[in-house]
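Peer 1: model this:
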Amino acid sequence: MTRAEDLDPQPLLRPAPAWVHWYHKEDGVWPVPDDRDVDLNAERCSATAWLDELGAAVRERLEEVRDAACVLGHGDWDGRNVKFRDGRPLVVHDWDSVVDEPEVVIIGQAAAMFEGGPTGAGASVERTAAFLEEYQMARRGVLTSNELQLCWAAGLWVRTFNAKKFHLDTFDALGRDEAETRMRHAGI
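Peer 2: As a prediction, this is how the structure comes out:
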């Protein structure tokens with residue numbers, strides 16, 4: 001990842017959009033969504049209690065990078081924002097979602113969401129793992145096992161946030177089995 005070291009993006013690019021904003025300072029687990037007028041923390045029901053617990057656990061896991069060095073990157077790797085040709089990325093759209101976040105957060109959310117769409121679901125666990133492998137090859141440097149766990153945690157934050165939000169639309173964006181697998185990868 002190339003850094004734009006001469007820029008000071010802090011005032012303009014932080015905080016990140018809600019789906020990446022795990023470090024928010026609002027009461028409760030969830031930040032205010034960007035696309036609807038609802039308090040996800042007030043939306044309590046037995047069907048989503050596990051998502052609230054998972055969101056809290058992911059936030060705790062990511063605390064390690066709260067003060068980490070940040071890099072500029074794309075913050076909305078929804079599959080509709082990436083066009084591929086012959087299986088390789090060709091163009092990335094929606095650059096109004098540029099973020100200044102720790103590298104593992106940018107990588108993790110990208111790996112979890114690059115195949116996503118309007119349903120809030122993203123890449124499968126297998127495709128997320130493949131993305132992380134490809135990223136390391138392109139980066140020409142291996143991530144530590146802890147960095148990989150943090151990538152998985154950042155991706156799990158996006159997936160859990162989407163699942164909580166899309167439950168309001170009666171859509172299941174993250175199943176428990178998949179969440180448990182992602183938790184293991186995240187060291188949670």
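Peer 1: from here on, contacts and neighbour counts on C-alpha atoms
Peer 2: Noted.
Peer 1: buried stuff in stretch 136-156?
Peer 2: 143, 147-156 (16 or more other Cα atoms under 10 Å).
Peer 1: Greatest separation within these: which pair is it?
Peer 2: Taking Cα to Cα as the measure, the buried residues of stretch 136-156 span a maximum distance of 17.9 Å, between Leu143 and Leu156.
Peer 1: Surely Arg66 touches His21?
Peer 2: No: under the criterion of Cα atoms under 8 Å, Arg66 is not in contact with His21, lying 10.8 Å apart.
Peer 1: So for the two, which sits in the more crowded spot?
Peer 2: For Arg66 versus His21, neighbours defined as other Cα atoms under 10 Å are more numerous around His21 (22 against 13).
Peer 1: what's the residue nearest to the spatial centre of the chain in contact with, if anything?
Peer 2: Centroid check for the chain by Cα atoms, centre = their mean gives Gln109 as the closest residue, at 3.0 Å. Residues near Gln109 by Cα atoms under 8 Å, 6 or more residues apart in numbering: 20, 75-77, 151, 154-158.
Peer 1: Backbone dihedrals for Gly73, please?
Peer 2: Main-chain torsions, Gly73, degrees, to the nearest 10: phi -160, psi 170.
Peer 1: Now do the SS call for Thr128.
Peer 2: helix (DSSP: H, G, I helix; E, B strand; the rest coil).
Peer 1: quick one: it and Gly116 touch, right?
Peer 2: No: assessed by Cα under 8 Å, Thr128 is found out of contact with Gly116, at 11.2 Å.
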